[in-house]
Structures are given as C-alpha cells and as structure tokens.
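> Predicted coordinates and the sequence they were generated for:
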Amino acid sequence: MDQYTTDILEQEQKAVEEMITIRPLTPQNAAFTGTEGGFLAMRYTGDDGVRQYNRVNLHRCFPFSDPEHDIAVCDPTDNNREIGLIHSLSDFSEDTVRLLMQQLELRYYHPIIKRVISVREEMGCTYWDTETDHGLCRFTVSMGGTHIYSIGGDRYMIEDLDGNRFEIPSLGKLTARERRLLDVFI
Amino acid sequence: MRQQDLPSAVRTAWQSCAAGQEDNTPIRAVAQGDLSLDHSLQKSYLILTDRAIYHAASVRAGEWNGTGRMTAVVEDEVSSFAVYPLDRITDPAVDNEVIGGLLRFKLDGKERAICRFSGACMRDMTRFHRCLDRLLQGEDTVAPEEEPERCCPKCGRPYPDPHRAVCPHCVEKGSVFTRVLSYFKPYRARVAVMLLFIMLSAVCQAVLPYLNGSLFYDKVLGRDEALASSLGLGGRFGLLLLLLTMTYALVRVLNGVFGIFHGRISAYIVPGVVRALRNTVYEALQRLSIGFYTRRQTGGLMQRVIRDTEEVFTFFIDVLPFALSNILTFLFAAVIMFTANWKLAILSLCLLPPLFIAFYRLVPMMWRAFSARARARRRVTSNLNDNFVGARVVKAFGQEESEIARFDQSSDSLRRAEIQVAQQQSINAISFELARELPTVLVWGVGAYMILASGGSFRYGELLTFVNYLTMMQGPMRFLSLLFRRWSQSMSAAQRVFEIVDAPAEITESPNAVDRKLRGEITVRDVSFSYEPNKPVLKHISFHVTSGETLGIVGRSGAGKSTLVNLISRLYDVEEGAIELDGADVRQLSFASLRSTVAMVSQETYIFMGTIAENIAYARPDATHEEILQAAAQAGAHRFICRLPDGYDTVIGTGGRQLSGGERQRLSIARAILADPDILVLDEATASVDTETERAIQTSLARLSQGRTTLSIAHRLSTLRDADRLIVLENGEMVESGTHAELLAKQGVYYKLYELQTKALATRGLE
Ligand SMILES: Nc1ncnc2c1ncn2[C@@H]1O[C@H](COP(=O)(O)OP(=O)(O)O)[C@@H](O)[C@H]1O
Ligand SMILES: [Mg+2]
C-alpha cells in the first residue's frame, strides 16, 4: 500500500473517531469571548492542540427538557461540525454564562404566550391573537398536520405558517376562558 | 417586500442619508426585518444600492400581525441609518435559526450580525442576500425581483399555502356553493322533480295536525253541523269520522310515497355527481407537478380528496333537501297557525327563539365532547397498537411495567372523556326537554284560558292543533340551528377540493412548445436550484454531454445528484440558468417529446397495480411479448420472472406476491429499456441488487447505452468505471470533472473516494 493510501486511511480513521466521540468543553480547555460583531469566539486549549475559532455556534441537545445543560459548540465554517460539548453552563464564570446565553437566545428565541386573546377557526386554519412576553402577536396556524404539539406535560409549542414558534408554558396556568378557547385544538 | 412598499417616511429619511453619502445609485433591493438583535419585536429596513447597505430600525416596538408586516405604525419613525459601504463587505450569509434567521456579513474582514428576522421575512431576506451576493461579485444587472403576494390583500392574513393565493378567511362561500351546484346541472329535471316531491311531502306533514286537531275534536267530536251538511252528510257523524280517518290515513300514505320517490331520485343523482367531482380532482392531480406532491404527503392528499368530496355531498344530499322540506314545513305551520288564531300564534312564535339558541349553543358542546372522546380512544388504540407491534422490543428491554403505566394513563384520559360525554349528554337532554316543554305548557295554559274566556269561539280542538303545530316546528328548529355550521363545514371541504382542481401546475408546457426528435445532447448552463428558500441544493452547475456519451455522476448522499437528474427530465424547473437538449431549452420542448426522449430509472421504484408484463410495457402498451421478454432479459429480470408460477402474468400485490427491492429495480430497468429512450437516466438503479446481478445488468446497460446518452448515478464507483466522463458533486457544487483516469491522476476528491472504496475498504474486508 502506498503512502497516499495510508494517509487517506488514517484521515478516514480520524474522521470516524471524531464522529463517534464527544469532546467535553470545560473552563479549563475552552475560553469564550464575545466578538465586536455580536458573535461568539472560542479558544480551545486541549491535550490535542490549541485552536482558535473566530465564530462558533451553540446547539442545545435538550432545548425543551434541559436547556442549561449539554450544549454543543459547533464550527460553522466546517458544516457545523461539533467541536465539543459543554456539559453544564454553570461550570463557567458568570460573564461567560451571560455570553453563552446571549448566543443561545439568538438561536432559540421564540415568544412565550402570556395571554390568549382569541382563537378563531376558519376553513382549516386557526387565527390566533395573543399577548407574548415580547408583545402582541397575531399568527395563523394550519390545522392540517401537527402544528400544535406537547413538548412535555402541559407545555405546548405552536408553529405558525411562517415557521415561527410560540410556546404555551403551561396550559394549566391559563384562565378557564383561555382553556375553553384552546380546547378544540389541543 | 417590494420597493414601492417602503413607507414614504423611511424613503425620505433614506434619501437624505444617501445624499449625505453622495450616493445617487438606484435601489437594488429592499428587505424588512422584524426582530432586533436582542429579540424585541421591532421593524427594521434594509436598503441596498450599488454603493452601500442602509439599515434603519423603527424606534417603536412593533407587534407581529402574522404577515411579516407589523401593524402599520402611523409614521414609521426611523432612527438614523447605519451605512455599510459595499467595498468593505465580504461573505454575506443568511443563517437559519430555530425561528427565522440572521443576516450577517464581514465588515472589514470582521464577522458582523446585521439583522435578525422571523420566518415571515425569510423569503424576503434570502432574496435580498442573493441580490447583495451578486452585486458583490460584480454582476451588474440585478433586476429587482418581484415577490408574489403572500398575504390576502383584503384582510392581510397570510395564505395558508404560499403557493396558492387562497385566503380561507375571505373566500366567498357563496361562489363555492354555486360551483358545487353546477355539478348537479346535468340532472336539472330530476332535481326539479325531487324538489316537487319534497314540497308535496311537506304539505302532507303540515296538514296532519289540522286533521287530528281542529277537525277531529271540534268538527266531528264537537258535532259541528255546518261542516257535516256542507259535505252532504247532515247529522251522520259516524260517517264523517270514517271519512276523516280515511283522509288521515291517505295523507300519511302519500307522505310515505313521496318520501320513497325522493329517495330514489336522490340515490340516482348522487353517485353520478360524486363521480364527476372525483374525476375532476383526479385529472387535476395528474396534471400537477412533483413539487405539489412532495409538499403535502401523498397519502394525506388522497385521503383528503376522498373525505372532502364525501363531506361536500353529504351536505347536498342529506342536509340541503331536508333543510328545504323543513323550511317549508315551518312556513306552512306558521301560516295555518296565524289563520287559526293570530294571538296564540304570536305567543307561540315568540317562544321559539330560546329553543333555537339552546340548540345552537348546546349541540357544538356535545360535538366537542365527542371529538375529545374520539381522540382519547385513538390514543388508547395507538397505544395498544404500539405494544402489539413493538412487543418484541418491550419484552427485550423488560419494560412491561412501564408500558402498563403508560397504558393506564391513556385509558384514564379516556375515562375522563367518557365522563365528560355522559355529563354533557344529560345536560343536553334536560335542557332540550325544558326548552321544548316550557313553551308548550305556556301555550296550553294561555290557550285554555282563551277557551274559557272566548265563550265557545275558540275550542279545544283548535288548541290541540296549535300545540301540535308547535311541536312540529321544533324539529325544523333544531335542524336549522345546525344548518349554518354544516353549511360552512361543507363549503370548506368544497373549497379544499377546488383548491386542488384549480392548483396551477408549476411545470407547464410552454404555449409554443416544439415537438422535435432529439439526439440526446445535454447542456447544463450555470444551473442553481433549491427546494426551500435559503437552502440551495445545486449551485452554478455547468456541463455538456454529447450525444451517445455516458456521464457518471458521483457524490455523497445528499450532494444533489438526484436533484440534478430530476431537473433534466423536468420534474422541477431550474431556478437560475438553463438546461438544453440539442440546444433547445427543456422549457421550450413539448412534454411529449421530452418524455419520449428521457427515461429514468430512479432510486424509488414504483410498481403499478397490474401484471408484470403491463408494468414493463408501461411506457409502450403496444409492445409485443417478444419485446417485453427481451427487455426483461437485458434488465436481468427474466430469470426470476420465469420462476414465478404465473410468469409474466403475475399480478403484483395479489396472493402475497410481493417483489423484493432488487426485483422491483430490475422491473423498472426493463421498463426503461423497453421505452427505448435517447437519454437514459439511471439514478442508483442497481443499488439494491447483488453484485453478480449488477454486473449482468451493467453488461446489458453498457450494450444499451451504445449510441444513446446515459446519465448514471451510482454509489459503487466501480459501476461507473466505464463512463466516458464523470462529474463529482459536493454540497451542490461541481468540484471535479473528467474521465476516470484523469480524475485519478488529479488525486482530488474522486481519487480519495475511489481509493477509500477500492483499497481501503477492501483491506478491512468491507467490500
Ligand atoms: N423534495 C424535496 N424537498 C426538500 N428538500 C429535498 C427534496 N428532495 C431532496 N431534498 C434535499 O436536497 C438535497 C439533495 O438531495 P438529493 O438530490 O436527493 O441527493 P442525492 O441524490 O445526491 O443523495 C438533500 O439535502 C435533500 O435533503
Ligand atoms: Mg439520490
């Protein structure tokens, strides 16, 4: 076998390794800084080398059930390949946590419904008028398929025609009138 | 967003800003964001000129009105514009986030987040980005692209299906109604006769209470001489009674007979009309392009067609005629009541609205309870089903206990739903009863007082007639209270059906399409394509295949290989660039010549209902048995077909005769071979056959592709070794092209893939 083939084999082997292992990121091996342009940069100093990433993306592994843990740090310049995994945000300093949360918000932002003003159905669509933590939102949801779904217990997610998502944190906490409005759809 | 949608206040502010920058170039594109970078709902505007990007945010917090256009702020106050000169910008990109996305670019080499927006602005922003990208690449002619209206101009609500300009809120239900009615046109005469029978039967209904009320009690039992003598039966009240009884019986019988006629006629009309509508829908479905099907799951679509057509017609058959007869009954009864005693009539009619309201309100609550119960039932069933199907898994992981707990949960929710239904039912029953009884009691009371007070001019029989009419009206009341709801349901169903009928085919034959014999020369010119905005699948692909050449297409799964060949057979249309066959744009060719030129064997084989022979001869039903045999043999299918007891006459799908994946693939290859196309497209056509069979098929394909253009996609690179030329796709881009030898010599992507497959994997015994 010639040298080139051996190299390819080795590369492939490395890629496979990479694919099947999770590299933990801790305050010891990862330093995050905010960039001027509003992004997150990371400097990795691990046993396997030192690398500087000028922009990294954060992905939650459990966005609904455990948003503060298991956050993947990905490299957008390489098809969002995972660089490593932060097990717990709280391991990091307060400033870093604030930075990370800001980035997470960029990706996972969605309005939370505080009050349902009205819901009307008309020919396969429902028209919602709601007040959210970010202000009044009116949106349209198609009744075909599952655009309203539980994300654990009585927590619900509603996806509108534009692909925007709105969360109802707890059905139980809505007023009786609001629950009656939603009764038919949930 | 179109340029003219830019609020004038924003435009004015921008003009003075641009003047300050000494920028007098025209606007190339505008876009709107609806979030600020810290995620408050905030409108912002992006304006692109030849010199710079101008970005300004509205100073007021906005609202989302679900159309991407926030509720018009009276004067769009904008704070000062941020100016980004184009010569300092590089690498613009739109990132997809969980909701909507983010526009960013590098300013002086530093990555910068510019504008955050929700899903409503995605299309807009992608377009803006594309424009910007092209400007940066020095392309001059960036025509401002127009976006089709995505929101109903009348009410501002977004269209549920962005490809269909139908606003459910604003569709005229009336016009849908008349459109459905038009399907009854061929049966005009019969419909008229049917209506006549309905009317007659309503008259019969209305006469009955009069016969057994006033006539019976007041005239016969009350020995009314006037009536008896007018009939020439002076004093013979026994005979009068007999006559009355017989009339009563006759009216009843007539009523029944009319009912039968009505039923027979409607039984004749209905299936015909339903068939006509279904056929229209089916024809429309055939006409529609692949894109329509992939956007909605086909199964759901078919179900919808069947359910909706049924829903439409239950209304026209079960509801509408009875509505008519009910209205008629109601009117007759009212007229008779008023002529008999207008005072009591007014009283009675005043008592009806509460009843109407009771029905109107209570019945939907009942439906709600019922549908909640149905849902709970479905959950229990699917839970059960899960367990039966997954029994092996449940047992293997020892999860019986937790499965029981899970089942208990869903069965408990069913229990609660049942209780709800029972409670609602008893509430309804009692409310209905009260709503019915109370007016009757009141009329009885007032009526009795009138008998006492009138001194004989108002009699018992008349009162009885009255009460009977009142009771008779209650049926129609109930029916009519539900009529509107059913009408609107049925009209929605009809609207959905017509939506399919009217859906424009995205891939249409050009009106001056040419029919021509093609030699099979393919030119792909700078083609880009995406299924969804901002997710390009093919980027600037160009290549040329001369007639008779075999082109191999290589790449990882998801690289866009299938998409590329789908474009060539025009299952989709290119977004940018062009595909030419023999120098003619595929969009200018007639479907007939295109389909007869290109035959495709795709990854997903589809076998139609019917025999094997019919399946092979699908494209050429007139093929002789000899030709079918030849094609099957060349596709390596002859052997296994012969082994089947019914041979080529085997009806696929019957008697448990299912074909394996490889067998199906060979059938579809035979189908393509028999079609004898000038361009043969093989999309992983031999992916699920064993190596030996593949070699056999390849040999015959090699023979077959003599003198015809072949595009071949394969996972196993060895399959493509004999191709005249290869192109390598990676992430939608063409990264390499050349002959096998050339590509190997290049030691690039192809070489790497090839080495991996042949040597590397072989050393591990994987191939
Ligand atoms: N109908 C579709 N709608 C949306 N995306 C699609 C559709 N078909 C394919 N894609 C996407 O386009 C990309 C290319 O797909 P395809 O051409 O089938 O790849 P290949 O044939 O090379 O494996 C994939 O990322 C796939 O997810
Ligand atoms: Mg494919």
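Structure received. It should be emphasised that the depicted structure is a prediction, and the values quoted were computed from it without experimental measurement. Ligands and ions are numbered 1, 2, ... in the order given.
> Outline the domain layout of the chain.
Here I'm looking at chain A. What automatic domain parsing lists as the domains of chain A is A:3-107, A:113-183.
> The chain in question should be chain B.
Split by automatic domain parsing, chain B gives B:3-136, B:171-341+B:486-505, B:342-457, B:546-569+B:589-766.
> Out of the domains of chain A, which one sits most buried?
When you average the neighbours per residue for each of these (mean count of other Cβ atoms under 10 Å in any protein chain shown), domain A:113-183 leads with a mean of 17. Where you see a C-beta, it was placed from the backbone N, CA and C, and this is true even at glycine.
> Now do that domain, average pLDDT.
Mean pLDDT, computed over domain A:113-183, is 84.
> Is that domain in proximity to chain B?
Yes: under the criterion of Cβ under 8 Å from any Cβ of the partner chain, chain B is reached by domain A:113-183 at A:122-125, A:127-128, A:134-140, A:142, A:144-145, A:160-165, A:183.
> ok, and which of those reach ligand 1?
Among these, no residue is within reach of ligand 1 (Cβ under 6 Å from any ligand atom).
> if you look at those residues, which of them are in helices?
If you go by DSSP state H, those have A:Asp183 in helices.
> gap between the two ends of stretch B:455-464?
17 Å (Cα to Cα, to the nearest Å).
> sorry, back to before: so which of the domains of chain A comes closest to B:Val651?
domain A:113-183 (34.9 Å; Cβ to Cβ).
> Run through the residues that contact A:His147.
A:141, A:158-160 (Cβ atoms under 8 Å, 6 or more residues apart in numbering or on different chains).
> List just the nearest of those residues to B:Ile336.
Looking across those and measuring by Cβ to Cβ, the closest to B:Ile336 is A:Val141, at 50.3 Å.
> Okay, that closest one and B:Arg28: tell me how far apart.
Counting by Cβ to Cβ, to the nearest Å, the separation of A:Val141 from B:Arg28 is 35 Å.
> biggest helix in chain A, by residue count?
Scanning chain A for the longest helix, with DSSP H as the assignment, gives helix A:3-20.
> Paired strands for the next helix-or-strand element following that one, with orientation please.
Beyond helix A:3-20 on the C-terminal side, the first helix or strand identified by DSSP states H and E is strand A:24-25. When pairing is defined by DSSP bridges, strand A:24-25 lines up against strand A:81-88 (parallel).
> follow-up on the earlier one: could the domains of chain A go into a markdown table alongside distance to B:Val319?
Converted to a markdown table, these look like this (distance: least, Cβ to Cβ, whole Å):
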| stretch | distance to B:Val319 |
| --- | --- |
| domain A:3-107 | 44 |
| domain A:113-183 | 18 |
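> can you give me the strands for the stretch 651-767 of chain B?
B:651-652, B:679-683, B:709-713, B:725-730, B:733-738 (DSSP state E, counting those that start in this stretch).
> pLDDT score for residue 33?
Picked chain A for this. At A:Thr33, pLDDT is 93.
> meant chain B actually
88.
> Now for B:Val319, how many residues are close by?
When neighbours are counted by other Cβ atoms under 10 Å in any protein chain shown, B:Val319 registers 19.
> now it: how far from chain A?
Separation of B:Val319 from chain A (Cβ to the nearest Cβ, to the nearest Å) stands at 18 Å.
> Got phi/psi on that residue?
Main-chain torsions, B:Val319, degrees, to the nearest 10: phi -100, psi -50.
> next one: the one 4 residues further on
B:Ala323 has phi and psi values of phi -60, psi -50 when expressed as degrees, to the nearest 10.
> A:Leu58: which element?
strand A:57-60.
> tell me what whichever helix or strand comes after that strand is packed against?
Where DSSP H and E defines the elements, the next helix or strand beyond strand A:57-60 is strand A:69-75. Here strand A:69-75 touches strand A:57-60, strand A:81-88, going by 3 or more Cβ pairs under 8 Å, 6 or more residues apart in numbering or on different chains; DSSP states H and E.
> Can you tell me, leaving aside adjacent residues, what's nearest to the residue of chain A found nearest ligand 1?
Of all residues in chain A, A:Asn79 sits closest to ligand 1, at 12.0 Å by Cβ to the nearest ligand atom. With sequence-adjacent residues excluded and distances taken as Cβ to Cβ, 6 or more residues apart in numbering or on different chains, A:Asn79 is closest to B:Asn731, at 8.0 Å.
> B:Leu35 and A:Cys125: what is the separation?
Counting by Cβ to Cβ, the gap from B:Leu35 to A:Cys125 is 24 Å.
> How is A:Tyr44 assigned, secondary-structure-wise?
Secondary structure, DSSP: H, G, I helix; E, B strand; the rest coil: A:Tyr44 is strand.
> can you give me phi and psi for the residue nearest to it when sequence neighbours are not counted?
Counting by Cβ to Cβ, 6+ apart, A:Arg51 is the residue found nearest to A:Tyr44 once chain neighbours are left out, at 4.6 Å. Taking degrees, to the nearest 10, you get phi -140, psi 140 for the backbone angles of A:Arg51.
> Show the contacting residues for the closest residue to ligand 1 within the stretch 351-500 of chain B.
Closest residue of the stretch 351-500 of chain B to ligand 1, Cβ to the nearest ligand atom: B:Ile500 (18.9 Å). Going by Cβ under 8 Å, 6+ apart, B:Ile500 touches B:281, B:284-285, B:288, B:301, B:305.
> Quick check: residues of chain B near ligand 1?
Near ligand 1, when you scan chain B using Cβ under 6 Å from any ligand atom, you find B:294, B:531-532, B:537, B:555, B:557-563.
> I'd like to know which of these are buried.
If you count burial by 16 or more other Cβ atoms under 10 Å in any protein chain shown, the buried members of the residues of chain B next to ligand 1 come out as B:537, B:555, B:559-563.
> With just CA atoms, put stretch B:328-348 into PDB.
Output of stretch B:328-348 as PDB, limited to C-alpha atoms (Å, rounded to 0.1, in the frame of the first residue of the first chain):
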ATOM      1  CA  LEU B 328     -91.500  24.600   4.000                       C
ATOM      2  CA  THR B 329     -93.000  22.600   6.900                       C
ATOM      3  CA  PHE B 330     -92.200  25.500   9.200                       C
ATOM      4  CA  LEU B 331     -93.800  28.100   6.900                       C
ATOM      5  CA  PHE B 332     -96.900  26.000   6.300                       C
ATOM      6  CA  ALA B 333     -97.300  25.500  10.000                       C
ATOM      7  CA  ALA B 334     -96.800  29.200  10.700                       C
ATOM      8  CA  VAL B 335     -99.400  30.200   8.100                       C
ATOM      9  CA  ILE B 336    -102.000  27.800   9.400                       C
ATOM     10  CA  MET B 337    -101.400  28.900  13.000                       C
ATOM     11  CA  PHE B 338    -101.800  32.500  12.100                       C
ATOM     12  CA  THR B 339    -105.100  32.000  10.200                       C
ATOM     13  CA  ALA B 340    -106.400  29.900  13.100                       C
ATOM     14  CA  ASN B 341    -105.600  32.300  15.900                       C
ATOM     15  CA  TRP B 342    -103.100  35.100  15.400                       C
ATOM     16  CA  LYS B 343    -102.800  36.000  19.100                       C
ATOM     17  CA  LEU B 344    -101.800  32.500  20.100                       C
ATOM     18  CA  ALA B 345     -99.600  32.200  17.000                       C
ATOM     19  CA  ILE B 346     -97.600  35.300  18.000                       C
ATOM     20  CA  LEU B 347     -97.200  33.900  21.500                       C
ATOM     21  CA  SER B 348     -96.000  30.600  20.200                       C
END
